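>>> predicted structure and sequence below. I'll ask about it afterward.
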Amino acid sequence: MFRMLGLTVAAIAITAASAVAAQTLTITTAGGDYGTAIKKAMWEPAATELGVTVREETQSDGFAALKMQVTSGAVTTDVIHLGSPEGAQAAAQGLLEPLDYSIIDPKSLPEGAKSDYCYPFTSYGTVMAWNTKTFGSKPPKTWADFWDVKAFPGRRALRANAQDLIEIALLSQGVAPADVYTVLSSPDGLKKAIARIAELKPNVAVWWTSGAQSAQLLKDGEVDLVVTWNGRAQSVKADGGAADYSFKGSVIGTDCLAVPKGTANKAAAMKLIAAMTKPEREAKLTDFIAYGPVNPKAYEGGLIPADRLQLLATAPANGGTSVFSKADWWVKNGDAAQAAFDEMMNR
């Protein structure tokens with residue numbers, strides 16, 4: 001009897017262990033080179049460490065996918081990759097679970113970067129990139145040049161979204177980086193930015209909807225000038241594409257990892273985020289794509305080679321002319337900004 005009881009207990013233990021080992025989590029990313037980088041540097045080794053299976057879904061608009069899942073009560077993803085402004089909006093709309101800082105290290109973020117709902121893990125710059133065959137040694141140098149279609153003729157590509165673009169529009173009019181959000185918060189600030197984008201609209205050949213698409217346009221030479229993210233532009237350049245880019249006037253943002261409200265695997269999702277964002281994994285991300293870590297310890301101990309540091313938007317050598325995206329402004333004004341942008345696009 002005792003032997004049978006022992007065998008039964010052992011069987012239960014084995015079954016429980018198998019259930020843990022067999023647990024499957026779903027992560028949603030933007031795909032493309034960025035999604036591959038996150039996989040290779042972060043979630044794949046984290047999954048191995050935790051002994052779980054992770055499957056990936058890709059969405060060009062993660063926020064829209066998140067909102068549809070949560071509001072419909074059919075949550076299929078456990079961890080979602082969002083821009084921090086989108087993360088702040090999602091939190092304000094009750095779409096996210098609070099981060100569990102008893103699982104995730106609360107000291108792993110710099111002062112002021114901590115979020116209650118979406119964990120920042122990487123920083124990037126929205127930059128101007130160009131086809132080197134078109135412009136040779138005399139490319140545009142400023143956003144004002146980007147808008148100057150006479151001095152710099154060519155096919156342009158912009159993101160089909162207000163975010164980052166309205167900041168760039170003001171920079172193109174000579175607004176100082178430090179004053180961009182002051183102007184946007186004024187009564188006519190948003191109207192001014194949208195009107196500036198409308199000026200360029202007739203000369204925009206492609207309005208892209210995903211980072212992967214923006215990189216492909218640049219790589220294939222389908223456009224001469226494109227607003228894209230520095231990691232995407234660097235990937236094209238590193239692959240031998242006729243492309244270059246500048247950090248001058250870049251809009252610095254962060255991306256974050258969140259857990260959708262109502263996931264059945266909340267605790268496991270928190271553990272995955274904690275494992276993904278260890279310093280060595282955030283540093284490893286820079287081997288695949290030129291986006292800088294948010295965890296300060298990732299910059300220590302030579303985890304990031306010196307030649308990679310110069311490719312990061314937040315490196316000291318690349319600062320000084322950048323605008324840092326303000327998530328709180330986007331929470332308050334994001335819907336109005338996007339509505340104004342959509343109206344302009346439909347005119």
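Looks like it arrived, so ask away. Numbering: from 1, shown residues only.

>>> when you work out contacts or count neighbours from here on, use the C-alpha atoms and nothing else.
Will do.

>>> the chain: strands as residue ranges?
With DSSP state E applied, the chain shows strands at 24-29, 53-58, 79-83, 118-131, 156-159, 204-208, 225-229, 243-258, 292-293, 323-324, listed in chain order.

>>> strands paired with the second one, and their directions?
The reference is to strand 53-58. If you go by DSSP bridges, strand 53-58 pairs up with strand 24-29 (parallel).

>>> centroid-nearest residue for this structure?
The residue lying closest to the centre of the chain (C-alpha atoms, centre = their mean) is residue 255, at 4.0 Å.

>>> which residue packs closest to that residue, ignoring adjacent ones?
residue 83 (4.3 Å; C-alpha to C-alpha, 6 or more residues apart in numbering).

>>> need the pLDDT of the one you found.
pLDDT for residue 83: 91.

>>> next up, the contacts around it.
253, 254, 255, 256 (C-alpha atoms under 8 Å, 6 or more residues apart in numbering).

>>> and those residues, which is closest to residue 185?
Checking those against residue 185 by C-alpha to C-alpha gives residue 253 as the nearest, at 18.7 Å.

>>> just to revisit the earlier point, show me what the residue nearest to the centre of the chain is bridged to.
With DSSP bridges as the criterion, residue 255 is bridged to residue 83, residue 122.

>>> can you report how many residues neighbour the closest residue to residue 232 other than its chain neighbours?
For residue 232, ignoring the flanking residues on the chain, the nearest one in space by C-alpha to C-alpha, 6+ apart is residue 215 at 5.5 Å. Counted by other C-alpha atoms under 10 Å, the residues lying close to residue 215 total 28.

>>> show me where pLDDT drops low in the stretch 101-250 of the chain?
The model of the stretch 101-250 of the chain has pLDDT under 70 over residues 111.

>>> circling back to that earlier point, so for residue 338, which of the strands of the chain sits nearest?
For the strands of the chain, proximity to residue 338 was assessed by C-alpha to C-alpha; strand 156-159 is nearest, at 12.1 Å.

>>> report the buried residues of the closest one.
Residues 156, 157, 158, 159 are the ones in strand 156-159 that count as buried (16 or more other C-alpha atoms under 10 Å).

>>> so who does the residue nearest to the centre of the chain touch?
Residues in contact with residue 255 (C-alpha under 8 Å, 6+ apart) are 81, 82, 83, 84, 120, 121, 122, 123.

>>> surely residue 299 meets residue 281?
No: in this structure, residue 299 is not within contact of residue 281 by C-alpha atoms under 8 Å, at 11.3 Å.

>>> those two: who's more crowded?
residue 281 (23 against 18).

>>> relative to residue 297, how far out is that one?
From residue 281 across to residue 297, the span is 11 Å (C-alpha to C-alpha, to the nearest Å).

>>> TSV for the strands of the chain, including distance to residue 276?
Output for the strands of the chain, formatted as TSV (distance: least, C-alpha to C-alpha, whole Å):
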stretch	distance to residue 276
strand 24-29	12
strand 53-58	12
strand 79-83	11
strand 118-131	9
strand 156-159	28
strand 204-208	29
strand 225-229	22
strand 243-258	10
strand 292-293	12
strand 323-324	25
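
>>> and residue 312, which of the ones you listed is closest to it?
strand 292-293 (5.4 Å).

>>> does anything pack onto that closest one? Which helices or strands?
If contacts are counted by 3 or more C-alpha pairs under 8 Å, 6 or more residues apart in numbering; DSSP states H and E, strand 292-293 sits against strand 118-131, helix 279-288.

>>> what do you get if the cut-off is 6 Å, keeping everything else the same?
Counting contacts by 3 or more C-alpha pairs under 6 Å, 6 or more residues apart in numbering; DSSP states H and E, strand 292-293 packs against strand 118-131.

>>> so what's the gap between the strand it packs on and the chain middle?
Its chain's average C-alpha position is 7 Å from that of strand 118-131, according to C-alpha atoms, centre = their mean, to the nearest Å.

>>> what about stretch 286-305, start to end distance?
One end of stretch 286-305 to the other measures 9 Å (C-alpha to C-alpha).

>>> buried stuff in that stretch?
Using 16+ other C-alpha under 10 Å as the test for burial, stretch 286-305 gives 286, 288-295, 297-299, 303-304.
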